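> Fold the following for me, if possible:
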Amino acid sequence: MPRAIYEFTKSVLERVSFDSNLFCKELEKAVRVLLPYELEELIEWVLRFTEGKPELRQCIRSING
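Next comes the predicted model:
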């Protein structure tokens, strides 16, 4: 089941990527619900997904501390 949440989270992030505020909020939700190894995978995915999209990349900085 957790893997389904990971995949669902990725699809939500793709759908809300038009709005950086929504993207950040959904990423913050993911931090609360994903397992640590899934979160690491998600951050790697987000880094690849946001190449060339600095407005979305700022969200990574906010969850990393």
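> Convert whichever strand or helix holds I60 to CSV, retaining C-alpha atoms only.
Using DSSP states H and E, I60 sits in helix 54-64. Backbone C-alpha positions of helix 54-64 (Å, rounded to 0.1, in the frame of the first residue of the first chain) are rendered in CSV as follows:
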residue,chain,number,x,y,z
PRO,A,54,13.3,27.2,-10.4
GLU,A,55,9.9,28.2,-9.1
LEU,A,56,9.3,24.6,-8.2
ARG,A,57,12.8,23.8,-7.1
GLN,A,58,12.5,26.2,-4.2
CYS,A,59,10.1,23.7,-2.6
ILE,A,60,12.9,21.2,-2.1
ARG,A,61,14.9,23.8,-0.1
SER,A,62,11.9,24.3,2.2
ILE,A,63,11.6,20.6,3.1
ASN,A,64,15.3,20.0,3.5
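> Could you pull out the buried residues of it?
Residues L56, R57, C59 are the ones in helix 54-64 that count as buried (16 or more other C-beta atoms under 10 Å). Any C-beta I mention is one placed from the backbone N, CA and C, and that applies to glycine too.
> Would you mind giving these as CSV with pLDDT and distance to E41 added?
Shown next, in CSV, are the buried residues of helix 54-64 (pLDDT from 0 to 100; distance: C-beta to C-beta, whole Å):
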residue, pLDDT, distance to E41
L56, 93, 17
R57, 90, 17
C59, 90, 16
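> So, low pLDDT: which residues of the chain?
1-2, 64-65 (pLDDT under 70).
> Is S17 in a helix, a strand, or coil?
Secondary structure state of S17, per DSSP: H, G, I helix; E, B strand; the rest coil, is coil.
> which residues touch it?
For S17, the contact set (C-beta atoms under 8 Å, 6 or more residues apart in numbering) comprises F23, F49, K53, L56.
> Thank you, goodbye.
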